[in-house]
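Undergrad: build me a structure from this.
(2 chains)
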2 protein chains.
Amino acid sequence: MTEVPSINPRTGETVEIVARETTTAEVDRLCAAALTAAEPLEALGRDGRAALLSALADALEQARDRIVAVADRETGLGATRLNGELTRTTYQLRLFAEVLTDGGYLEAAVDHAGDTPMGPRPDLRRMLVPIGPVAVFGASNFPLAFSVPGGDTASALAVGCPVVVKAHGSHPATSQLVFDVLVEAARKAGAPDGALGIVHGQQAGADLVAHPAIRAVGFTGSTGGARALVAIIEKRPDPIPFYGELSSLNPVVVTPAAAADRAARIGADLAGSFTLGSGQFCTKPGLAFVPAGPDGDALVEAAREAIAATEPMIMLNEGIANSYQRGTAALSNTPGLSLAASAADTPISKPPSAPGSAGSALSSAPDAASATMPTPQNGFRGAPLLLTATADDLPREATEECFGPVAVIARYTDEGDLFAALATLPSSLTATVQRGPGETALPAEITRRLRSQVGRIIYDGYPTGVAVSWAQHHGGPWPATNTQHTSVGTSAIRRFLRPVTWQNAPADLLPAELRDDYDNIPRRVDGRFQPVP
Amino acid sequence: MTEVPSINPRTGETVEIVARETTTAEVDRLCAAALTAAEPLEALGRDGRAALLSALADALEQARDRIVAVADRETGLGATRLNGELTRTTYQLRLFAEVLTDGGYLEAAVDHAGDTPMGPRPDLRRMLVPIGPVAVFGASNFPLAFSVPGGDTASALAVGCPVVVKAHGSHPATSQLVFDVLVEAARKAGAPDGALGIVHGQQAGADLVAHPAIRAVGFTGSTGGARALVAIIEKRPDPIPFYGELSSLNPVVVTPAAAADRAARIGADLAGSFTLGSGQFCTKPGLAFVPAGPDGDALVEAAREAIAATEPMIMLNEGIANSYQRGTAALSNTPGLSLAASAADTPISKPPSAPGSAGSALSSAPDAASATMPTPQNGFRGAPLLLTATADDLPREATEECFGPVAVIARYTDEGDLFAALATLPSSLTATVQRGPGETALPAEITRRLRSQVGRIIYDGYPTGVAVSWAQHHGGPWPATNTQHTSVGTSAIRRFLRPVTWQNAPADLLPAELRDDYDNIPRRVDGRFQPVP
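TA: Down below sits the predicted model:
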């Protein structure tokens, strides 16, 4: 059986062997246990599961130092970021506890029997119920927020679905440690055995989505990985819902008024946003539209200076580092893209242009192969990179996500130029508009043109950083996601719920929330919304 | 170009040529027009679209006689049923108008900026927006409720999505007539050109789901058809949501107490339910579990008598009639299934069993090939058929949908017998429990075991007949549907909506429903539910 190593990305060295890849027989046993756990987990009730989520949050807090240390060693993301990620996860667990107490998520509806133009209508009562055991695929880039702990696991457990996590090979030690912490806390909080399971290895992931007990899949990863899993699901006798959070370009538009107002600040902040976390965020802004002319030039110059002052950054794993090197090498050699700046200690030949030329006619890209193949240091590193282009001749390559600390600034000369370029973009999780003070006309037009392509529109900020709240949405048309559902915020639980309607059921056979005398949750009764009194 | 004929299923004759199959170029033009119509259709606003839906309902009412006459000629479903179907559709259109006025469907949420344990949170505001142009595939068996008019078209138009319908080849004249009625009414009500389109032909359907302008698909049909369309969608550069309502067995369980209470009535009603509309309902009960012993025997005998008194029924088209003949021939020759009754004038050799033997040890099935191949009359007909089996040796064939007026009654000797058989069933749209007076224990246990497999549980009724209401749900795990969403009732619109979040947006750039001063719809503000004052 293949061993699962924990590798330190700062050195490239294997630190320990965490586990062996999970066998098909073990996957089968875990899925059967998850199925058995489904009824008792649901039977804990909303209050019981709210207490469970709080207990999980407490346990993660108590093990915080150990968890962050292992995760830092295994991901190179740094203690500050990882502490923030863990806080996010405990916050999300506690927020879901509030959602359970509120009960509105059940979408309970009661229609009493009555006459209609279609004839007599029976008594109909509908609410959402757990979909069943869920497979969660851990993400490379969020070891604590979208992996063993995090939004998907919390969403599923909240509504009463057992979870089997496919641990990401990039941080198996973190996954196993956190899993052990969660399992112990869940047991103490009264959760049934089998409510949480973990598997390691690619074949185990494939076995998982094919298993009859698994009723839905939560996935954060690449479009290629998603398509491979969907192909397995389509071969099931009973295909199941697959919720993928996949790939995103996250365009930023800086209006002329915004550039006139604060060019240097936007340039520096943009560079900060696309290099944050080594550019390994699904919300990394990969393409920014900046006006031609002196204001835009100043913005680009500020971004150039910020990038030139960086150093090659630790990447999550060897595969991502290699993919980043290949991707940036290809971008640097793409006609229509000019290298504007790269990390300071990377032996690159800077482009021959003076500040401002990025907005002028295209120069052929310098031979940048060397720029994107930094002398390998120990570990897995990627050099931040800024490229420029013109919006009226934007190469297709600039509109595709390249995972890591690279972005393209496309200069536009007028609105026609800008709008034509926006129309060529793929869908994204986010779009961002930097406005001038009080400016609304052009931002409204940009919003109108981008809304069908994105799930969140940010004004005068940056897409990195996704708050967990009731009104959040983290999704968008393909390739951002493959459904309309979200993986962040309170409505993330909707993915793991399905409606059931009871027709002419005697009160004894109804869930408590659908009985006439229940008034502890908001419900729609005979078409009228009834809040909690 | 291939002609699209309108065929009378009562005679098998082509009555007229309705159209030519739509070419790829025409599909492209219609989809482009739909995309252009998306913004003005949304811009009509909730009130404008509520008025549009009412106008469509009025126009259908005014053309009722013409529509029903053509539909009856083309489907053989009869004027009573078709009038009911049209009433259902106009009722659903008017109910959606109420949903628009209510506004709760937008799931509007406002989170004001504030501090959280994760740090400061920006202002976030979320609501659902139309997904874009929708392809609707008309169903063979609901020419007026799931075709050009009906739940899918009404759902999409309600929320502001243009629709291009793929007309079903089984009723092209009805489709074209209703389309013309709707288009004229829509234009008068202020809908933009392109808000409604129609295509004919299988290739046109394939072109439609592959077209970049189409953002979601609503489909009612076979699992095979669904899988073929999903395969096309998965080849798109941007796969889109596919909502399929597919195949359903709809098991019925009669408890011993129910059989003791009203065996004859249940037997007759069950026969009525599975032959209603020539058994061509997605909610047709295809398998009923009936206790062994005298009460169950009386139930089976009543069902036998009812079926023996029927005549071969008009089927929707030649393909369905042929498929029904093949399917019933196979069932009749399946070991473990016994022929109990068939339509009166079908030349079959009745099984040699006396009443009651259906619950006893299996006899080998009679040579029933002749029973299921009735002498062809004019037109497309299928002979109603009742088969029996024992629950402890239920053949797999009895658990698969056979479209048409056929059902299997499986006799069970005890609860263990029954529960073991229930565990082998595929998922369905519905499950039905016939209880004894006041009985709850066994019905509760049956409910517990079937809930994960179905979308609606009916007590002391029959699954055929799906009321349109707020609490209705018409779905279930595969093969009933391929998502958790419903195609009947108010929440059917959720399929054609997607969330968008605005972050730190100035009020001028927000939709009216998300501004601070808007209180005309229920919203969740800072986590608290706020009904309309």
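Undergrad: excluding its backbone neighbours, what's nearest the residue in the stretch 301-450 of chain A that chain B sits nearest to?
TA: With Cβ to the nearest Cβ, the shortest gap between the stretch 301-450 of chain A and chain B falls at A:Thr440, namely 4.5 Å. For the C-beta atoms, the positions are set from N, CA and C on the backbone; glycine is no exception. Leaving aside its chain neighbours, A:Thr440 sits nearest to B:Asp508 (4.5 Å; criterion: Cβ to Cβ, 6 or more residues apart in numbering or on different chains).
Undergrad: which of the three states applies to that neighbour?
TA: The local conformation at B:Asp508, judged by DSSP: H, G, I helix; E, B strand; the rest coil, is helix.
Undergrad: these two touch, right, it and A:Thr447?
TA: No. Counting by Cβ atoms under 8 Å, B:Asp508 stays clear of A:Thr447, with 10.4 Å between them.
Undergrad: ok, the two, which is more surrounded?
TA: A:Thr447 (21 against 12; other Cβ atoms under 10 Å in any protein chain shown).
Undergrad: does the more buried one sit in a helix, a strand or a coil?
TA: helix.
Undergrad: residues contacting it?
TA: Residues in contact with A:Thr447 (Cβ atoms under 8 Å, 6 or more residues apart in numbering or on different chains) are A:433, A:457, B:509.
Undergrad: swap in A:Ala135?
TA: A:163-166, A:205, A:208-209, A:211, A:214, A:216-218.
Undergrad: now, which of the residues you listed lie within strands?
TA: Using DSSP state E, A:163-166, A:216-218 are the members of the contacts of A:Ala135 that sit in strands.
Undergrad: with distance to chain B and pLDDT as extra columns, can I get these in CSV?
TA: Below are these laid out as CSV (distance: Cβ to the nearest Cβ, whole Å; pLDDT from 0 to 100):
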residue, distance to chain B, pLDDT
A:Val163, 17, 98
A:Val164, 17, 98
A:Val165, 22, 98
A:Lys166, 22, 98
A:Ala216, 9, 98
A:Val217, 13, 98
A:Gly218, 14, 97
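Undergrad: tell me the one among these nearest to A:Ile233.
TA: A:Ile233 lies nearest to A:Val217 out of those, by Cβ to Cβ, at 7.1 Å.
Undergrad: about what we covered before: in PyMOL, select just the buried ones from the contacts of A:Ala135.
TA: Remark: buried members of those, expressed as a PyMOL selection using 16 or more other Cβ atoms under 10 Å in any protein chain shown:
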select buried, chain A and resi 163+164+165+166+205+208+209+211+214+216+217+218
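Undergrad: which member of the contacts of A:Ala135 is positioned nearest A:Ala391?
TA: Closest to A:Ala391 out of the contacts of A:Ala135 is A:Gly218 (36.5 Å), distances taken as Cβ to Cβ.
Undergrad: the closest one reaches A:Cys161, doesn't it?
TA: No. If you go by Cβ under 8 Å, A:Gly218 and A:Cys161 don't touch, sitting 9.9 Å apart.
Undergrad: so which bits of the stretch 301-450 of chain A are right by chain B?
TA: A:426-427, A:435, A:440, A:443-444, A:447-448 (Cβ under 8 Å from any Cβ of the partner chain).
Undergrad: again with the stretch 1-150 of chain A
TA: With the criterion set to Cβ under 8 Å from any Cβ, the stretch 1-150 of chain A comes near chain B through A:38-39, A:84, A:87-88, A:90-91, A:98, A:102, A:104, A:107, A:109-111, A:116-119, A:121-122, A:124-126, A:129, A:131-132.
Undergrad: give me the nearest residue to the residue in the stretch 201-350 of chain A that chain B sits nearest to, chain neighbours excluded.
TA: Here the stretch 201-350 of chain A gets closest to chain B at one residue, A:Asp238, 4.1 Å apart by Cβ to the nearest Cβ. Nearest-residue entry for A:Asp238: B:Trp478, 4.1 Å, with adjacent residues in sequence omitted and distances by Cβ to Cβ, 6+ apart.
Undergrad: kindly report the same for A:Asp519.
TA: Per Cβ to Cβ, 6+ apart, closest to A:Asp519 is A:Pro533, 5.7 Å.
Undergrad: now A:Leu52
TA: Leaving aside its sequence neighbours, A:Leu52 sits nearest to A:Ala189 (Cβ to Cβ, 6+ apart; 4.5 Å).
Undergrad: can I assume that neighbour is in contact with A:Leu56?
TA: Yes. With contact defined as Cβ under 8 Å, A:Ala189 counts as touching A:Leu56 (7.5 Å).
Undergrad: between these two, which one's more packed in?
TA: Between A:Ala189 and A:Leu56, A:Leu56 has the larger neighbour count (other Cβ under 10 Å), namely 27 against 19.
Undergrad: pLDDT wise, what is the more buried one at?
TA: For A:Leu56, the pLDDT comes out at 98.
Undergrad: what helix or strand is it located in?
TA: helix A:45-62 (DSSP states H and E).
Undergrad: run through the neighbouring helices and strands of the helix or strand just after that helix.
TA: The helix or strand immediately downstream of helix A:45-62 is helix A:64-75, counting by DSSP H and E. Helices and strands touching helix A:64-75, by 3 or more Cβ pairs under 8 Å, 6 or more residues apart in numbering or on different chains; DSSP states H and E, are strand A:3-8, helix A:79-102, helix A:172-188.
Undergrad: now those in CSV, with mean pLDDT and mean neighbour count?
TA: Listed next are the helices and strands packed on helix A:64-75 as CSV, based on pLDDT from 0 to 100; neighbours: other Cβ atoms under 10 Å in any protein chain shown:
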stretch, mean pLDDT, mean neighbour count
strand A:3-8, 97, 18
helix A:79-102, 97, 20
helix A:172-188, 98, 21
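Undergrad: for chain A, give me the ranges with low pLDDT.
TA: For chain A, applying pLDDT under 70 flags the ranges A:1, A:344-377.
Undergrad: go again using 80 as the cut-off
TA: The model of chain A has pLDDT under 80 over residues A:1, A:344-378.
Undergrad: and the helices in chain A, which stretches?
TA: Here chain A has its helices, by DSSP state H, at A:24-43, A:45-62, A:64-75, A:79-102, A:151-159, A:172-188, A:202-210, A:223-234, A:256-275, A:294-308, A:318-332, A:415-422, A:441-450.
Undergrad: need the winner for burial among those.
TA: Among these, the stretch with the highest mean neighbour count (mean count of other Cβ atoms under 10 Å in any protein chain shown) is helix A:151-159, at a mean of 29.
Undergrad: got the helices and strands packed on helix A:64-75 as JSON lines, with distance to A:Asn141 columns?
TA: Shown next, in JSON lines, are the helices and strands packed on helix A:64-75 (distance: least, Cβ to Cβ, whole Å):
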{"stretch": "strand A:3-8", "distance to A:Asn141": "15"}
{"stretch": "helix A:79-102", "distance to A:Asn141": "10"}
{"stretch": "helix A:172-188", "distance to A:Asn141": "13"}
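Undergrad: quick one: closest of these to A:Leu422.
TA: For these, the distance to A:Leu422 is smallest for helix A:79-102, at 31.3 Å, taking Cβ to Cβ.
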